[in-house]
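Novice: Give me a model of this one.
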Amino acid sequence: MAGKGIKTQDWAAFREEAQRMLEAALDQMQQAAERPWQPVPEDIDARYAVTAEAQGPQAAVDRIIRDVLPYHGGNTHPRFWGWVQGSGLATDLIASVAAAAVNANMGGRDHGANYMERAVVDWTRRKMGMPEGASGLLVTGTSQATVIAFQAARLRVMKDLRKRGQGGVRLTAYAGEGVHNATLKAVELLGIGSDNLRKVPLKDGQIDCAALAAMVAEDKAAGALPFLVVGTAGSVDLGLYDDLNALADAASELGLWLHVDGAFGAWTRIAAEPWRSLSDGIGRADSIALDFHKWMYVGYDCGMALLRNEDEHRAAFSARPSYLEGAERGLAGGEPWFCDYGIDLSRGNRALKIWTALETYGEAAFSEAITGNCALAAYMAAQVEAQPEMALGAPVVSNVCVFTARSDLAPEKQSEVNARVAQTLQESGEAVFSTTRSQGRVMLRAAITNHRSREADVAAAVAAVAREAAV
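Specialist: Predicted coordinates for the structure are as follows:
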């Protein structure tokens, strides 16, 4: 069967099509402001049907340009502020080309990509204020990072967990009301159970440490084993921050592992004041979960788990069967291997996206962009308050602005109007707001993690909201 199978028969023709795809991708990025989200066509399933016979690279590129590029998720557009989604960088294209050519498996062994990941981990550790020797791992995102951190936290209080399981021990974890769903998923996935994630009341938008202490004492008296408290750096709905220094003091006194959900908000560490101070104390955490694909703008997917104690991190996951034994030299060298610090043995090269972005734009550019996003949220709040029928749903703390388009209406009617306005503007391509619930009603929500957004975009979007709300 010689000559059969997967083979590029004509490299000259393939090179031509690859260059055509590169030009189309560059156009897509350069013209992001002209390419908002649009509804997918009714025949999209048929367009994406997999054909049985080879079509060749020209046909594949034709279909990608016609049927893939136009129907994106919208988050590259400068007026996209829905949910908390990153906007991607032009450098992602360069990094992705290099990553595809090398096709590195980042699980371990001795090759350059692993050293790059260690450099990126170390840079992040320093930005977060964690001590030298802290451990890190690039993962799909904060959801996976949270599972990794919680597993290490469990082993601190249950040394034989990996062999014997949790058994009848009732572990209890603590988090503020409104904590991200990643925390809930992690306690369920690890068998801790959602009933054992205790929701601590907030005081002025932050975990009430006195209430936390009382809950821990109550659970201990009931025979539970409290082991973990989750602090929030940038809440999903309102962009709020716990007092992380106070929480670190409380965790130390109560014997709890302090984990910080910093999915997007951890990156205020490189912003200007007054926003930088929001995350003061984050470096005192035992673990931090954060994303690069949100407020560091790199392409999906790219998150990180940071753990203060490398020994605890490695103990939670290290497993090396005979076929993965290391060596002092050769390709099987390169210790430590990243597969000993997380769930995945096979891992893609996420570090290259981060490294390429930082080397291309410089750290100061990211600081300016993050600071600018916070300033835009404040500007949006001012634009909202200038509209006689609009009102904020909460004060703007960081980069999230929540508001109602018609404060003069009854709560139920406000909810109807806000939901309709969000959908209408999404479909028109003018702007993307998501919605949330605040003060008992559905409200419009902008989470500004978009480096392409400018004041003109905000002003135009708020004016469009006013126009549609008046209908």
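Novice: Residue 298: what's it in contact with?
Specialist: 86, 88-89, 91-92, 292, 353-354, 357 (Cβ atoms under 8 Å, 6 or more residues apart in numbering). Any C-beta I mention is one placed from the backbone N, CA and C, and that applies to glycine too.
Novice: err, residue 249, not the other one
Specialist: Taking Cβ under 8 Å, 6+ apart, we find residue 249 in contact with residue 209.
Novice: Only alpha carbons, please: show stretch 409-423 as PDB.
Specialist: Extracted C-alpha coordinates of stretch 409-423, given in PDB (Å, rounded to 0.1, in the frame of the first residue of the first chain):
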ATOM      1  CA  LEU A 409     -40.900  51.100  34.700                       C
ATOM      2  CA  ALA A 410     -42.000  48.400  37.100                       C
ATOM      3  CA  PRO A 411     -39.400  45.700  37.800                       C
ATOM      4  CA  GLU A 412     -41.100  43.100  35.700                       C
ATOM      5  CA  LYS A 413     -41.400  45.500  32.700                       C
ATOM      6  CA  GLN A 414     -37.800  46.600  33.100                       C
ATOM      7  CA  SER A 415     -36.700  42.900  32.900                       C
ATOM      8  CA  GLU A 416     -38.700  42.500  29.600                       C
ATOM      9  CA  VAL A 417     -37.200  45.700  28.100                       C
ATOM     10  CA  ASN A 418     -33.600  44.900  29.100                       C
ATOM     11  CA  ALA A 419     -33.800  41.300  27.800                       C
ATOM     12  CA  ARG A 420     -35.300  42.600  24.500                       C
ATOM     13  CA  VAL A 421     -32.700  45.300  24.100                       C
ATOM     14  CA  ALA A 422     -29.900  42.900  24.600                       C
ATOM     15  CA  GLN A 423     -31.200  40.500  22.000                       C
END
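Novice: I'd like to know which of the contacts of residue 298 are buried.
Specialist: 86, 88-89, 91-92, 292, 353-354, 357 (16 or more other Cβ atoms under 10 Å).
Novice: Nearest to residue 376 among the contacts of residue 298?
Specialist: residue 86 (15.3 Å; Cβ to Cβ).
Novice: residues in contact with the closest one?
Specialist: Counting by Cβ under 8 Å, 6+ apart, residue 86 has contacts 75, 291-300, 449-450.
Novice: Highest neighbour count among the residues you listed?
Specialist: residue 295 (31 neighbours; other Cβ atoms under 10 Å).
Novice: For residue 264, see how far away it is.
Specialist: 4 Å (Cβ to Cβ, to the nearest Å).
Novice: shared neighbours of the two, anything?
Specialist: With Cβ under 8 Å, 6+ apart as the test, residue 295 and residue 264 both reach 399, 449.
Novice: My understanding was that residue 246 contacts residue 209; is that so?
Specialist: Yes - counting by Cβ atoms under 8 Å, residue 209 is a contact partner of residue 246 at 5.5 Å.
Novice: neighbour count winner among those two?
Specialist: Shown here are residue 246 and residue 209; by other Cβ under 10 Å, residue 209 has more neighbours (20 against 16).
Novice: pLDDT score assigned to the more buried one?
Specialist: Residue 209 is assigned 98 on the pLDDT scale.
Novice: What of residue 85?
Specialist: pLDDT, residue 85: 94.
Novice: Start at 45, not 1
Specialist: Happy to do that; since the first residue is 45 now, the last one works out to residue 129.
Novice: Pretty sure it sits against residue 121.
Specialist: No - under the criterion of Cβ under 8 Å, residue 129 makes no contact with residue 121, lying 10.7 Å away.
Novice: Neighbour count: these two, which is higher?
Specialist: Using other Cβ under 10 Å, the more surrounded residue of residue 129 and residue 121 is residue 121, with 24 against 21.
Novice: part of a strand, is that one?
Specialist: No - assigned with DSSP: H, G, I helix; E, B strand; the rest coil, residue 121 falls outside any strand and is coil.
Novice: Got the phi and psi for it?
Specialist: Main-chain dihedrals, residue 121, degrees, to the nearest 10: phi -80, psi 140.
Novice: For the nearest residue to it once chain neighbours are set aside, grab phi and psi.
Specialist: Sequence neighbours aside, residue 80 is the residue nearest to residue 121 in space, at 4.6 Å (criterion: Cβ to Cβ, 6 or more residues apart in numbering). Dihedral pair for residue 80: phi -70, psi 170, per degrees, to the nearest 10.
Novice: distance between the one helix or strand residue 180 maps to and the chain's centre?
Specialist: Assessed by DSSP states H and E, residue 180 sits inside strand 179-183. Mean C-alpha position of strand 179-183 versus that of the full chain (Cα atoms, centre = their mean, to the nearest Å) differs by 14 Å.
Novice: Parallel or antiparallel, list what pairs with that strand.
Specialist: Strand 179-183 has its sheet partners listed here by DSSP bridges as strand 347-351 (antiparallel).
Novice: Was I right to think the residue nearest to residue 121 contacts residue 473?
Specialist: Yes - Residue 80 lies in contact with residue 473 (Cβ under 8 Å); the separation is 3.5 Å.
Novice: so what's in contact with the two at the same time?
Specialist: Contacts common to residue 80 and residue 473, judged by Cβ under 8 Å, 6+ apart, are residue 121.
Novice: So for these two, which residue has more residues nearby?
Specialist: Comparing residue 80 with residue 473 by other Cβ under 10 Å, the one with more neighbours is residue 80, at 21 against 15.
Novice: distance of that one from residue 285?
Specialist: With Cβ to Cβ as the criterion, residue 80 and residue 285 are 31 Å apart.
Novice: Residue 64 too?
Specialist: For residue 64 relative to residue 285 (Cβ to Cβ), the value is 47 Å.
Novice: Among these two, which residue is more densely surrounded?
Specialist: Just comparing residue 64 and residue 285: by other Cβ under 10 Å the higher neighbour count belongs to residue 285, 27 against 16.
Novice: The residue nearest to residue 117 when sequence neighbours are not counted is in what secondary structure piece?
Specialist: Once flanking residues are discounted, residue 117 sits nearest to residue 81: 6.6 Å by Cβ to Cβ, 6+ apart. Residue 81 belongs to no helix or strand when assigned by DSSP H and E.
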